[in-house]
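Trainee: sequence unknown, structure follows:
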């Protein structure tokens, strides 16, 4: 019995134990959500309701979301998002974005705010490179 223990100890000492944890660089998108600026206080209620009938032709600024896809040989073919309207609305759009939640291959969940969220969808495989997620093709990394 002592001989077996001695042989086992000799074999254990001959092979160094590797305690390094390999970095996890792959995962799957499990959720996407829009995130924005911190909620502001309620807008003050002011005055009474306007009196009269609105005209058919209004002189107000157009307000709304703007989506733009550049076309042509020199364009990068990436969608652009923005706002038209008041300065407050433009500031709100500038502070909002998308958060992508990824379940890494080791089971950990991580949240990312990619620059181009349109490249990702729920269920898609991604890889982590230099702190940014990148979509993987069907063939893998």
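Mentor: Done, it's in. Please read all numbers here as calculations on a predicted model, not as lab measurements.

Trainee: Do I have it right that residue 25 meets residue 131?
Mentor: No: assessed by C-beta atoms under 8 Å, residue 25 is found out of contact with residue 131, at 11.1 Å. For the C-beta atoms, the positions are set from N, CA and C on the backbone; glycine is no exception.

Trainee: Who has more neighbours out of these two?
Mentor: Counting neighbours by other C-beta atoms under 10 Å for residue 25 and for residue 131 shows that residue 25 has the greater number, 14 against 6.

Trainee: Chain neighbours aside, what residue packs nearest to the more buried one?
Mentor: residue 128 (4.8 Å; C-beta to C-beta, 6 or more residues apart in numbering).

Trainee: ok so that neighbour is a strand residue?
Mentor: Yes: looking at residue 128 with DSSP: H, G, I helix; E, B strand; the rest coil, it is inside a strand.

Trainee: OK, contacts around it?
Mentor: When contacts are counted by C-beta atoms under 8 Å, 6 or more residues apart in numbering, residue 128 is found next to 24-27, 102, 104, 134.

Trainee: ok, now how distant is it from residue 35?
Mentor: 20 Å (C-beta to C-beta, to the nearest Å).

Trainee: cool, residue 123 as well?
Mentor: According to C-beta to C-beta, residue 123 stands 20 Å off from residue 35.

Trainee: quick one, which of these two is more surrounded?
Mentor: Set residue 123 next to residue 35 and count neighbours by other C-beta under 10 Å: residue 35 wins out with 11 against 8.
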